[in-house]
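# Here is a sequence together with a model predicted from it:
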Amino acid sequence: MGRINSMISYKQIKSVASQVGFDLCGVARPRLFEQNREAYGRWIDAGYDSTLEYMRRNLDKRFDVSALVEGAQSVVVCAVSYKSDINSFYQPHTQNKVASYACCRDYHKTIKKMLLQMLSRLQQEYSQLQGRAFVDTAPLLEKQMAVEAGLGWIGRQSLLVTPRFGSYVLLGELVLNLAVDSYDEPYSGVGCGECRRCLQACPTGALVEDMVVDTSRCISCHTIEAESHNRLDLSGWIFGCDECQMCCPYNKQAESHHFAAFNPLFDPMAISTQQWLAMDEEEFAERFSSTPLKRSGLERIKRNVCGGVKVDCYADSSADDTDE
């Protein structure tokens, strides 16, 4: 039986996180993020959320974990690296590019399972412990919480950047009802310094200023989220976009992933335009149903292969392959 204890061991949390496969783990106190709320309001007012209607929901909970989870005392933020060689050979002219995270199993399921394993192991030691696990499943400021937990900083491209693994990390959180005997200090390192490579690399100018993304110009949003009526040059991307990550100095020197669950399941450069356009639903399901590509579906991806044009450009699958 778990011991009756009103406070969890910080060292034990870190140990359990490592045991289940996380590369980084930090612990923060829940608090209201007033500056984030003000900045978010300006972002919404500017219309930068475009088709992402869900970004306007639950504004009363988005900036305060305690409002999201009643009785929250601690937030455990975990990160796992997914860096591989998938996008290291992409060139500006390369076609049919896929964001590297999407070449692996759907991280939502993998990380949720890891978090629940953590919670279960901790509950064996602390009988009063209750918690909720989140992986992009609630209006939680996970990047800001990661900064609070000491994992890294929010870069100019609006992604979390960590000193060891760059921005090629995926996040998950446990919100717990018990306090921890020690908390991490917010990250206070050098960060991006004067580097502006990500802003300069964005093909569509979606990074309008530091940490501000205009989603109406974001290739990742255009290829994955609710479809917009705006035309956008996808620069060869058919699911997601890694342009602002591929140029980051921290990513160039970052370690490759260690956890086998994030091994790539396919190589986008091995699938030609002709093969994408000739693919049927059965083959698509067999090859990609366990990856994030399932979210878009085959027809959406075919349109992206055609540059996002909503026409039957793939009616003749015998067309010449235009891949470089």
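All right, it came through fine.

# what residues are up against the residue nearest to residue 89 when sequence neighbours are not counted?
Once its chain neighbours are removed from consideration, residue 89 has its nearest residue in residue 269; the separation is 6.6 Å (C-beta to C-beta, 6 or more residues apart in numbering). The C-beta positions use only the backbone N, C-alpha and C, and glycine is treated the same way. Neighbour list for residue 269: 89, 90, 94, 96 [criterion: C-beta atoms under 8 Å, 6 or more residues apart in numbering].

# As CSV, those residues with neighbour count would be great.
Below are the contacts of residue 269 laid out as CSV (neighbours: other C-beta atoms under 10 Å):
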residue, neighbour count
89, 9
90, 19
94, 16
96, 22
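
# Just after the biggest helix by length in the chain, pick out the following helix or strand.
Among the elements of the chain assigned as helix by DSSP state H, the one spanning the most residues is helix 107-125. Past helix 107-125, further along toward the C-terminus, the next helix or strand under DSSP states H and E is strand 131-134.

# mean confidence score for that following strand?
Mean per-residue pLDDT for strand 131-134: 97.

# Check which helices and strands the following helix or strand past that strand sits against.
Next in sequence after strand 131-134, counting helices and strands by DSSP H and E, comes helix 142-148. In terms of contact count using 3 or more C-beta pairs under 8 Å, 6 or more residues apart in numbering; DSSP states H and E, helix 142-148 is assigned the packing partners strand 24-28, strand 74-81, strand 153-154, strand 160-161, strand 169-176.

# ok, residue 115 - how many residues close by?
Per other C-beta atoms under 10 Å, the neighbour tally for residue 115 reads 23.

# so can I have JSON lines of the contacts of residue 269 showing distance to residue 140, pLDDT and secondary structure?
Output for those, formatted as JSON lines (distance: C-beta to C-beta, whole Å; pLDDT from 0 to 100; DSSP: H, G, I helix; E, B strand; the rest coil):
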{"residue": "89", "distance to residue 140": "35", "pLDDT": "89", "secondary structure": "coil"}
{"residue": "90", "distance to residue 140": "31", "pLDDT": "93", "secondary structure": "coil"}
{"residue": "94", "distance to residue 140": "35", "pLDDT": "94", "secondary structure": "coil"}
{"residue": "96", "distance to residue 140": "33", "pLDDT": "97", "secondary structure": "coil"}
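
# Let me know the closest of these to residue 6.
For residue 6, the nearest member of those is residue 90. The distance, counting by C-beta to C-beta, is 51.1 Å.

# Would you list the phi and psi of that closest one?
phi -70, psi 140 (degrees, to the nearest 10).

# Report the contact partners of it.
Neighbour list for residue 90: 97, 242, 246, 269 [criterion: C-beta under 8 Å, 6+ apart].

# And residue 141, by the same measure?
Taking C-beta under 8 Å, 6+ apart as the criterion, residue 141 is in contact with 33, 36, 62, 63.

# What average pLDDT does stretch 283-301 get?
Per-residue pLDDT values across stretch 283-301 average out to 97.

# what's the first-to-last distance across that stretch?
Using C-alpha to C-alpha, to the nearest Å, the span of stretch 283-301 from its first residue to its last is 14 Å.

# Equivalent analysis for stretch 37-57, please.
Across its full length, stretch 37-57 reaches 13 Å end to end, with C-alpha to C-alpha as the criterion.

# Now do that stretch: everything it contacts.
Contacts with stretch 37-57, where a contact means C-beta under 8 Å, 6+ apart, come from 59, 62-63, 139, 208, 212-216, 221, 225-228.

# Taking those residues, tell me the two that lie furthest apart.
Farthest apart among the contacts of stretch 37-57 - using C-beta to C-beta - are 63 and 227, which lie 28.9 Å from each other.

# okay, these two: which has more neighbours?
When residue 63 and residue 227 are compared on other C-beta under 10 Å, the one with more neighbours turns out to be residue 63, at 22 against 15.

# how about the more buried one, what does it touch?
If a contact means C-beta under 8 Å, 6+ apart, then residue 63 has 32, 33, 34, 36, 37, 40, 141 as its contacts.
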